[in-house]
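Undergrad: show me the folded form of this:
(chains A and B)
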Amino acid sequence: DAMVIQNPRYQVTQFGKPVTLSCSQTLNHNVMYWYQQKSSQAPKLLFHYYDKDFNNEADTPDNFQSRRPNTSFCFLDIRSPGLGDAAMYLCATSRDGQPRREQYFGPGTRLTVT
Amino acid sequence: DQQVKQNSPSLSVQEGRISILNCDYTNSMFDYFLWYKKYPAEGPTFLISISSIKDKNEDGRFTVFLNKSAKHLSLHIVPSQPGDSAVYFCAASVGNSGGSNYKLTFGKGTLLTVNP
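TA: This is a model prediction of the structure:
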């Protein structure tokens, strides 16, 4: 089945220690998104890639970066995680011409910062 | 400032009855609305959507109603089943002429529990 895969599902990192979360997709979608969701909060868009073009949200901290080496993979890098960065990180994809504008989500990576 | 609001954190319904989940929005530029369902340990999955040019969209047991003047939409599930127990997110997007990377703005979600 075509899907969005996130690894790892659970990640523990130390305060200030860089961490990378990964997302891959077999849907061949040209748009990939990263969301941060804290407990009982709405998923918040951090940035997205439209093909190779990176689009950052205005309020995304500089601590968060992303890379998309090819269509299938996208990475979220947190350069110096703080306790406030503990959250669920969701990757999503979409494609041109989708009439319903839906995005397809992975299962998420739960990040814990100690 | 929350542009999409789901004011009920939780809702409990008896199996076979109707579930009504509500969502309000403030941005009049939103022209498309979606509902997602999320089970524990899974990502959100698309459920149903509606364009702002419509006031109702139906798909099986699920119907979404849109009241543009009130900036309000609701999801009706009839009849409710125990398997419908999940968190339901309302999301909205702004039309993006010439592009397809529609960004979604989500509400905080409503936990629906359907009791057997």
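Undergrad: contact partners for residue B:107?
TA: For residue B:107, the contact set (Cβ atoms under 8 Å, 6 or more residues apart in numbering or on different chains) comprises A:42, B:2, B:4, B:5, B:6, B:23, B:89, B:90, B:91. The way it works is simple: take the backbone N, C-alpha and C, and place the C-beta from them, glycine included.
Undergrad: what does chain B have sitting close to chain A?
TA: Within chain B, the positions near chain A by Cβ under 8 Å from any Cβ of the partner chain are B:2, B:4, B:9, B:32, B:34, B:36, B:41-46, B:49, B:89, B:93, B:99-109.
Undergrad: thinking again about what came up before, now, which of the contacts of residue B:107 lie within strands?
TA: Secondary structure from DSSP state E places B:4, B:5, B:23, B:89, B:90, B:91 of these in strands.
Undergrad: where does residue 58 land in three-state SS?
TA: Going with chain A. coil (DSSP: H, G, I helix; E, B strand; the rest coil).
Undergrad: and the gap between it and residue A:51?
TA: Distance, residue A:58 to residue A:51, by Cβ to Cβ, to the nearest Å: 21 Å.
Undergrad: not counting sequence-adjacent ones, nearest residue to the residue of chain A found nearest chain B?
TA: When scored by Cβ to the nearest Cβ, chain A has residue A:105 as its residue closest to chain B, at 3.3 Å. Once flanking residues are discounted, residue A:105 sits nearest to residue B:43: 3.3 Å by Cβ to Cβ, 6 or more residues apart in numbering or on different chains.
Undergrad: ditto for residue A:83
TA: Residue A:83 sits nearest to residue A:113 (Cβ to Cβ, 6+ apart), 5.3 Å away.
Undergrad: how about the contacts made by that neighbour?
TA: A:12, A:13, A:14, A:15, A:81, A:82, A:83, A:85, A:86.
Undergrad: so what pairs up with it in the strands?
TA: Going by DSSP bridges, residue A:113 is paired in beta bridges with residue A:13.
Undergrad: quick one: residue B:20 is in a strand?
TA: Yes - residue state for residue B:20 (three-state DSSP) corresponds to a strand.
Undergrad: that one against residue B:76, yeah?
TA: Yes - the criterion here is Cβ atoms under 8 Å, and residue B:20 meets it with residue B:76 at 5.5 Å.
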